[in-house]
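Trainee: sequence? don't have it. structure:
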């Protein structure tokens, strides 16, 4: 019997009911690849018919990118105590370059597993870790550079295409976009995925110990992705809450999730998250390393950090944020800043460097870190420890000095065929955003950029999802591959589930606006489907096509709750008497009947139309 | 006794209590001009002291632009049944170019005033209307072109400067910005205001019958402004609700308010709003004209429209949206669109043109409209009736054909010295936004641009404040002078008070982000004050400096409700053990003590610092 009944107990862990509800009018589909075990999940939204004077016209179903994993699949059996099924296991095994270890390699991991006090909250089905065989490199980049197209790459090609071939004819209404040098092929092939990974322009975060993963890609020539941060702190949260935040985050569209826990039971929390996550999990290992030395940064050592990397790599973490660019010499560059160093990892390392007056051990041991990364295929997310924490500090000497070092480290990582992306700011006024992107591309050889926002003003605490959503959309357009979300609680507190959702929807908007502006070939299909539904007063379709059907339906029903209003040819804004969209339909209908193709022909027909209007009493709204 | 107790009764009307609460740690100040009756209201936020090892340092109070009028002035006596005091009356009278009429000039206005059934809801203190004396033009543009600096212009110069002279030394930390040709002088003079109005690059919406107005300016070379739409519809709302929405909107920062009522008692609702509004009120007169003909667009006539213009001008409406650019020949250009015509005014006029197969009466009578405008100083907001209603339709032939006509009409308006701004889209992907701005500047001789959003994607109903906030920030940066807000209810229903606030805060963010990116000399002062408060853990100041102190405080208190947390040197994100900002303070403090000015000197000092850190146990957080 537990003394604290609200405490987390592994035997009683349950999936969040909200996370496993199917989306309205949607079904989970699986698009087949070249082999039976490549089945790429997508969400298909069924749309209602269009009613015209000639009868009904079908609207094709809409396919949307689906990050929610098996949770929204009514046929999947979800038990978070078991974890998800091992989609990638066979792919990894058939490569025959890894081995199962008899025990964890990290001292800390073994210690935690042996601690019986943790039994009640430990994930029950721990698997022995897998590691590259001696002399082998198991990174997707390594395979790519050898010309190998992995099942992961094929999975991604299908996933990114989103059945685009079904929507070809719609693309006439697609704006070509301005891509700033990004290359967005109209049909993605597995070979294109391979070549981008080989080139370092994209990464596939896919630890060999995260077999539950549905592979995804982060790169400028693919759809813009978003990350959601979760994690407990010393002040608040439990394992159950963090697992719930993860399943909630992927439901609304998080492409990756970072577990930034700094509170209790970090090791066990992570195990639960990874075993139940279909999306890549990222961490900042220095956070846990710091907890291991009681929060005293100066007591950090390379050995403790190294053990932490291995501990997390063997759990299946897919990418590590490592602030190896915070060099001793750059710390003084922050002295005149308005807000100094605001990256937690950056300040830990700055403190360490100051205390020892020595170069950062992350920098001096970087090649050894690469050796660990390639033995598990963990990707680098090279942290921007000196990113600005205020508009005043944007694009300063400290920030750009670090960025140049990150470029140097990228070259070293690539020498080891280790996948690498680069983290970016932060707080940047709009007119300085593009400089960040351009410098990152130039310094880091086009390695994917992964930015936090940036916030475009600092004057709106409580609304920093919006201040940063503006910057995120812009930098995504300019070429950032993944956008790290910001919630309304930023600078004020830890996000709850509502905040997580608000942050994600805002960042889905930013990422999608970026895809549209870049001219991604599939981006505008969903917008056009929405616009057509809007023009035709298909209210249910408008709700269901949107990023958040629940919110849209709720808002609509606040003013017009009746079911009949959902087929009404008006909304509460203009009311039933007159609606601007209806007249356009009349003009359209008229042109169609006459088969009018030309501007002049239409104009000639106008006199006739005017007559008809007057005869019919010129009333365009007819109550149904 | 009223049969419907919830009905609006003029004798019982009360101001919304929420609208008259003073902001925390704020006081209303009045900056004096060259004469006693020029007293420009601003809000001053008192900040707490900075604690350093040397003791306390004062932080100067922050001055912020204040749109809330007397409502947030504890010394003002507010009684909405009386209306606001007549700030501008003397200014208008001393110009001696207007006369008080014995009765309303509009037939409809006289009819409403004579209708005893309306007595219970009519504003009690109706004033006789004022009009230009025969042969006079009372527009601010007319005065400006004669070289006259009006009190309104001086008021605006002081208002736009926001006591910038008190913050000169802070401007070293100010990014210069990229203004795309806007000219933002470091100190605004009344003469600059005059010259911009004379040139047509800015407007001062200030009807001579809106004497309660606190003058403001809309132009590319001034602070970016925002507008909030309110108004009832046939489906919902009352007079009391609309007045509440207006006072609520200006509390949070609406620079102008448009009353878009289309429901009952439009005339009386407007009277209540204007008499109680310190900000300019805009309307779309065709909405009311349409109601006068029972919603049948084809029955609209020039005479009915003309009477409506005069009716509203004599009530004190400051600007009229007039869709005079929707010409008959452009209607067919919308036939192939995905969403046709989505402007209500645009579709009304398109319907009229089709029904009569005749050129729009707004276009053919444009010079007569100018005569009315200059007799009351009503400004044009030339409506974009053919703006796109979806991404697919952005920047198409219909939209740009109309824009060219709006340019032609601007020239005519300017010939009459009538102030003019131009409305813009709508729905535009990011990469097509700048083209809108550039074309508007080129077609319309730099007349101020006033855009709705634009929405940068259509896939997020329920979040269109965000989809459009992105576009608004960008187009504001490129040169748009005023941004019309979009609320979360857009496309779904009529906004309530919460939605109004959410829309306004989002648009204040967009406008301010634009000012920052343009390099407006005063913009970054507030950001820097926030960043300094953040760096120094002055939590109360962070809440109070923000756009929404209530929301920020509430979010913070959700995780750390204790009062002690408001002076804590941490937040719930990192917890008490470690905070990234603290180490930067140590570095700063160190540099200050040593008087170190140079990079190299700092670097040399690092060894010493490292020693000191180790000696002190290298713990940077000390519980207070």
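Mentor: Right, received. Where do you want to start? All values derive from a computational prediction rather than experimental measurement.

Trainee: thought residue A:128 was touching residue A:98?
Mentor: No. Residue A:128 is beyond contact range of residue A:98, at 11.7 Å (criterion: Cβ atoms under 8 Å). Just so you know, the C-beta spots here come from the backbone N, C-alpha and C atoms, and that holds for glycine as well.

Trainee: have a look at those two and say which one is more surrounded.
Mentor: Applying other Cβ atoms under 10 Å in any protein chain shown to residue A:128 and residue A:98 shows that residue A:98 carries more neighbours, namely 20 against 11.

Trainee: now do the same contact list for residue A:131.
Mentor: For residue A:131, the contact set (Cβ atoms under 8 Å, 6 or more residues apart in numbering or on different chains) comprises A:98, A:99, A:101, A:105, A:208, A:314, A:375, A:376.

Trainee: repeat that for residue A:148.
Mentor: Contacts of residue A:148 (Cβ under 8 Å, 6+ apart): residue A:194.

Trainee: and the stretch 351-500 of chain A, which residues reach chain B?
Mentor: Applying Cβ under 8 Å from any Cβ of the partner chain, we find that the stretch 351-500 of chain A lies next to chain B at A:351, A:354-357, A:389-394, A:429-432, A:456-463, A:465-467, A:469-470, A:473-474, A:477, A:488-489, A:491-494, A:496.

Trainee: which members of those residues occur in strands, if any?
Mentor: Among those, no member is found in strands (DSSP state E).

Trainee: okay, strands next: where are they in the stretch 251-400 of chain A?
Mentor: Assigned by DSSP state E, counting those that start in this stretch, the strands in the stretch 251-400 of chain A fall at A:256-259, A:281-283, A:319-322, A:379-382.

Trainee: whether the second one contacts chain B - can you check?
Mentor: No. Between strand A:281-283 and chain B, judged by Cβ under 8 Å from any Cβ, nothing touches; the nearest distance is 15.7 Å.

Trainee: partners of that strand, with directions?
Mentor: strand A:256-259 (parallel), strand A:319-322 (parallel) (DSSP bridges).

Trainee: any idea which of the ones you listed gets closest to residue B:340?
Mentor: strand A:256-259 (40.3 Å; Cβ to Cβ).

Trainee: how distant is the closest one from the center of its chain?
Mentor: 9 Å (Cα atoms, centre = their mean, to the nearest Å).

Trainee: what sits up against it?
Mentor: Here strand A:256-259 makes contact (Cβ under 8 Å, 6+ apart) with A:205, A:216, A:218, A:225, A:227-231, A:242, A:246, A:249-250, A:269-270, A:273, A:277, A:279-284, A:318-319, A:321, A:482, A:484.

Trainee: phi and psi next, for residue A:278.
Mentor: Backbone torsions of residue A:278, given as degrees, to the nearest 10, read phi -80, psi 0.

Trainee: that one against residue A:214, yeah?
Mentor: Yes. At 4.6 Å, residue A:278 counts as touching residue A:214 under the criterion of Cβ under 8 Å.

Trainee: shared neighbours, these two?
Mentor: Listed as contacting both residue A:278 and residue A:214 by Cβ under 8 Å, 6+ apart are A:69, A:87.

Trainee: ok, residue A:147 - contacts?
Mentor: residue A:194.

Trainee: buried ones in the helix or strand harbouring residue A:109, by neighbour count?
Mentor: Residue A:109 is part of helix A:107-114, with elements assigned from DSSP states H and E. Buried residues in helix A:107-114, counting neighbours by 16 or more other Cβ atoms under 10 Å in any protein chain shown, are found at A:108, A:109, A:112.
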